[in-house]
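Undergrad: My questions concern the predicted model and sequence given below.
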Amino acid sequence: MKLIMMILFSTPTVFFISLFLLLLSSSVSSQLCPRNCGKVPLRFPFGGIPGCGDPRFQHYVNCDQESLTFTTHTGSYPVTSIDYEKQVIYISDPSMSTCSCTQPSKGFGLDWDAPFDFHDDTIFVLLDCSSTSSPIYNPSDISSDNIGNSSKVPSCDTGGVPICNSLYSCRPISTNNLPISTCCVYAPVDLGPAFDMDLETLKCSSYSSFYSFNGRESDPNSWKYGMALRYKFNVKNEFPSPCDYCERSFGVCGYTGAYNSFICNCPSGLNTSTGCLFGGPYNTGSTFLPWQTGAWLVYCLPWLLVWLL
């Protein structure tokens, strides 16, 4: 081993080349965090791939072949858009019913420990629920008409009757001859602490969900179907200051190591512990950060070789 080292460093040229490679390998990272996944921009806390964004969100939101998906125990769902100002992510469920199609579905649920919850604008509508066996029908709630006929009343949002009326005006739903009495507007809070909508347990064949009437409450064709989910950065919902500086210096926030330590991924693909500009956020001096040192070495190598040779 000693003989090999003596040969490697036997000439100044080989010595400097070896030294250069050692310095470069200590500062270069092959990781390059994406700034978009398809048409959806990626910003903290979402990174799309491992090592980028916030590690708490990596399990739930990831980029696969230019398609951003949201994953829970009930399946994977396309992410349609993200509102970073309001901290809301919008997803869709291809298996749910809309005004364009009606189909059987298994339902939807959030993982109990996920850093998400339903936005108040999200409205769920259960469709084709059994009036004889569904738990949404309370046996004690019996209504009678003027001629003495009685029927069970679903324990749903009583103000949601216009929503059911509008949905049942959609041709795919109306042609299935589903009784409108089996339609139930279901608030997210009714899903319980696990936020789990199990249609098999609820004895309903399908569901619909939307988060905006789009200014046309009586026209279900124009509603924005899908789910709006809120997210928080942490318990106090404070944007991490190191990440703020990293993004302002044109970097992407990420993490590394066994303890998921913060890193700033720079446009060159190299990582720093602060930002991508000279110095740190609280530094008045100008110093080379690791990625800048690596780049400087790359530029200087040809001149170094010319001088040595």
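TA: Structure received.
Undergrad: which residues of the stretch 51-200 of the chain score low on pLDDT?
TA: 138-155, 158, 188-194 (pLDDT under 70).
Undergrad: Now do the strands in it.
TA: In the stretch 51-200 of the chain, the strands defined using DSSP state E, counting those that start in this stretch lie at 61-64, 67-72, 75-83, 88-91, 107-109, 116-118, 123-129, 137-144, 150-154, 184-186, 196-198.
Undergrad: how about these, which one is nearest residue 232?
TA: Of all those, strand 116-118 sits nearest to residue 232, with 8.6 Å by Cβ to Cβ. The C-beta positions use only the backbone N, C-alpha and C, and glycine is treated the same way.
Undergrad: Need the residues that contact that closest one.
TA: 60, 89, 110, 188, 191, 195, 227-231 (Cβ atoms under 8 Å, 6 or more residues apart in numbering).
Undergrad: Of those, select the buried ones using a ChimeraX command.
TA: Selection of buried members from the contacts of strand 116-118 for ChimeraX, criterion 16 or more other Cβ atoms under 10 Å:
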select :60,89,110,188,191,195,227,228,229,230,231
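Undergrad: Nearest to residue 98 among the contacts of strand 116-118?
TA: residue 227 (12.6 Å).
Undergrad: mind listing what that closest one touches?
TA: 90-93, 108, 118, 122, 209, 211.
Undergrad: same thing but at 10 Å, please
TA: Neighbouring residues of residue 227 by Cβ atoms under 10 Å, 6 or more residues apart in numbering: 70, 77, 80, 89-93, 96, 108, 110, 116, 118-119, 121-124, 188, 209-211.
Undergrad: Also residue 35?
TA: Residue 35 makes contact with 41-43, 47-48, 52, 250, 252, 267 under the criterion Cβ under 10 Å, 6+ apart.
Undergrad: Neighbours of residue 45, how many?
TA: Applying other Cβ atoms under 10 Å, we find 24 residues neighbouring residue 45.
Undergrad: out of everything not next to it in sequence, what's closest to it?
TA: Distances taken as Cβ to Cβ, 6 or more residues apart in numbering put residue 54 closest to residue 45, at 3.5 Å, once the chain neighbours are dropped.
Undergrad: Who does the residue most central in space within the chain form a beta bridge with?
TA: What sits nearest the mean C-alpha location of the chain, by Cα atoms, centre = their mean, is residue 61, with 3.9 Å. Under the criterion DSSP bridges, residue 61 forms beta bridges with residue 70.
Undergrad: Is it correct that residue 246 falls within a helix?
TA: Yes. Assessed with DSSP: H, G, I helix; E, B strand; the rest coil, residue 246 lies in a helix.
Undergrad: And the residue nearest to it when sequence neighbours are not counted, its phi and psi?
TA: Closest residue to residue 246 apart from its sequence neighbours, by Cβ to Cβ, 6+ apart: residue 264 at 3.7 Å. Per-residue torsions, residue 264: phi -110, psi 120 (degrees, to the nearest 10).
Undergrad: Compute the number of surrounding residues for residue 264.
TA: Count around residue 264 with other Cβ under 10 Å applied: 25.
Undergrad: For residue 67, which non-adjacent residue is closest in space?
TA: The shortest distance from residue 67 to any non-neighbouring residue, by Cβ to Cβ, 6+ apart, is to residue 38 (5.8 Å).
Undergrad: ditto for residue 129
TA: residue 204 (4.0 Å).
Undergrad: Perfect, I'm done here.
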